[in-house]
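> Starting from these lines, generate the structure:
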Amino acid sequence: MFDYTTASRDQREEFLQDKILICLQTTQQPMTNAQIRDYLLKHIDELPADVTKLTTSKKGSVYSDFQIRVNMSITSLYKGGLVDHPKRGVTELTQLGKNINLNTSRKHMHKLIVEGWQK
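Okay, here's the model as predicted:
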């Protein structure tokens with residue numbers, strides 16, 4: 001079982017990328033970032049109860065690490081060509097994202113994301 005609490009930032013984002021794809025494949029509809037976060041919190045048992053807690057930075061800014069990790073995961077999926085943004089704040093699967101099977105194509109998905117970030 002995945003331990004979100006002890007995972008590195010990159011491990012958390014890879015975990016969330018999989019879960020976001022599953023979310024969008026399951027719902028089969030465009031979703032806002034807030035809807036995706038709500039879905040993840042409701043359906044993903046590996047997320048700790050306090051995952052949405054707010055943190056204060058050294059400069060006094062308040063932020064949610066979970067929200068940042070979800071947003072970065074969506075950006076990575078976008079760069080990999082697996083999701084698109086038909087309008088600001090809305091995410092939907094591309095044809096590639098609809099067809100990807102996480103049981104057999106996880107390495108391929110990761111390769112697409114890495115290549116997307118390198119462009």
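
> switch to C-alpha atoms for all contacts and neighbour counts from now on
OK.

> Skipping its backbone neighbours, what lies nearest K79 in space?
Of all residues not flanking K79 in the chain, G116 sits nearest, at 4.5 Å (CA to CA, 6 or more residues apart in numbering).

> What is the helix or strand containing that neighbour packed up against?
If you go by DSSP states H and E, G116 is part of helix 102-118. Helices and strands touching helix 102-118, by 3 or more CA pairs under 8 Å, 6 or more residues apart in numbering; DSSP states H and E, are helix 65-79.

> picking up where we left off before, quick one: residues contacting the residue nearest to K79.
S76, K79, G80, G81 (CA atoms under 8 Å, 6 or more residues apart in numbering).

> distance of it from G60?
Using CA to CA, to the nearest Å, G116 is found at 33 Å from G60.

> what's the answer for K19, then?
For K19, the distance to G60 - CA to CA - is 31 Å.

> In the helix or strand harbouring L21, which residues are buried?
Assessed by DSSP H and E, L21 sits inside helix 9-27. Residues 12-25 are the ones in helix 9-27 that count as buried (16 or more other CA atoms under 10 Å).

> measure I74 to R106 for me?
16 Å.

> Comparing those two, which residue is more hemmed in?
I74 (24 against 14; other CA atoms under 10 Å).

> didn't that one look like it was pressed against K19?
No. Counting by CA atoms under 8 Å, I74 does not reach K19; the two are 10.5 Å apart.

> The closest residue in space to G89 that isn't next to it in sequence and L93: what is the separation?
Leaving aside its sequence neighbours, G89 sits nearest to T32 (CA to CA, 6+ apart; 5.5 Å). Distance from T32 to L93, counting by CA to CA: 12 Å.
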